[in-house]
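Colleague: Let me see the structure of the following:
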Amino acid sequence: MSQPDVPDSAGGGYDGLRVQPGVVEWSPPELDLHVPELEPPIVLDPPTPPEPPQDSQVSREELELALERAKLVAEDCATILQPAVQAMLDGAWVSRRADEFSLALEEHARMATSAGAHPVRVIEHALDQRLETGDPLQPGVFMPQPEVGS
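Modeller: As a prediction, the model looks like this:
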């Protein structure tokens with residue numbers, strides 16, 4: 001009887017296969033079935049930025065300029081993820097994993113909108129406080145005032 005043309009384990013052939021006269025033994029290779037975590041944990045609460053100091057010497061012009069910049073940033077924050085959200089709604093990727101991704105994407109878009117709006121509210125509040133307290137909202141640098149009655 002002739003032996004099949006199968007190399008034994010010492011010959012570097014098939015893993016887990018041993019051939020001896022009249023006996024063929026096979027054991028499956030050990031597999032690492034550990035699946036690594038594919039995505040980082042989702043943090044749902046964005047960090048809250050610190051409140052500005054209450055007794056700062058910020059001029060009205062500085063606050064108004066900061067407010068305009070903050071509004072531009074808030075607009076960017078509110079719209080930056082919208083193309084991706086819309087693509088997911090239009091069916092760019094369809095699967096159970098895509099549904100999970102889409103929900104997380106929509107949550108991140110809401111968080112970005114909220115985070116962008118917070119500085120606007122803080123600056124508007126600072127401007128409102130100045131008006132309520134009767135602060136003359138003069139610039140923070142010395143500006144000579146015209147003399148009245150000259």
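
Colleague: alpha carbons only for contacts and neighbour counts from here, please
Modeller: OK.

Colleague: any idea how far residue 78 is from residue 121?
Modeller: As judged by Cα to Cα, to the nearest Å, residue 78 and residue 121 stand 15 Å apart.

Colleague: Could I get the full set of helices for this structure?
Modeller: 60-79, 82-89, 96-132 (DSSP state H).

Colleague: Could I get those in CSV, plus columns for distance to residue 26 and mean pLDDT?
Modeller: Below are the helices of the chain laid out as CSV (distance: least, Cα to Cα, whole Å; pLDDT from 0 to 100):
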stretch, distance to residue 26, mean pLDDT
helix 60-79, 60, 94
helix 82-89, 48, 96
helix 96-132, 38, 92
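
Colleague: Quick one: closest of the ones you listed to residue 18.
Modeller: helix 96-132 (42.5 Å; Cα to Cα).

Colleague: and the angle for that closest one with helix 82-89?
Modeller: Helix 96-132 and helix 82-89 are oriented at 150 degrees to each other (axes from the mean of the first three to the mean of the last three Cα atoms, to 10 degrees).

Colleague: helices or strands up against helix 96-132?
Modeller: In terms of contacts (3 or more Cα pairs under 8 Å, 6 or more residues apart in numbering; DSSP states H and E), helix 96-132 is packed against helix 60-79, helix 82-89.

Colleague: ok and the first one relative to helix 96-132, angle-wise?
Modeller: Read it as helix 60-79. Here the directions of helix 60-79 and helix 96-132 differ by 160 degrees (the same axes, to 10 degrees).

Colleague: buried sites along helix 60-79?
Modeller: Buried positions in helix 60-79, judged by neighbour count with 16 or more other Cα atoms under 10 Å: 60, 63, 66-67, 70-71, 73-74, 77-78.

Colleague: So which elements touch that helix?
Modeller: Helix 60-79 packs on helix 96-132, going by 3+ Cα pairs under 8 Å, 6+ apart.

Colleague: List the buried residues for the helix it packs on?
Modeller: Applying 16+ other Cα under 10 Å to helix 96-132 flags 102, 105-106, 108-109, 111-113, 115-120, 123-124, 126-127 as buried.

Colleague: now do stretch 74-93
Modeller: The neighbour-count check on stretch 74-93 (16+ other Cα under 10 Å) flags 74, 77-78, 81, 85, 88 as buried.

Colleague: now for the helices of the chain, which one comes closest to residue 22?
Modeller: Residue 22 sits nearest to helix 96-132 of all those, at 50.7 Å, using Cα to Cα.
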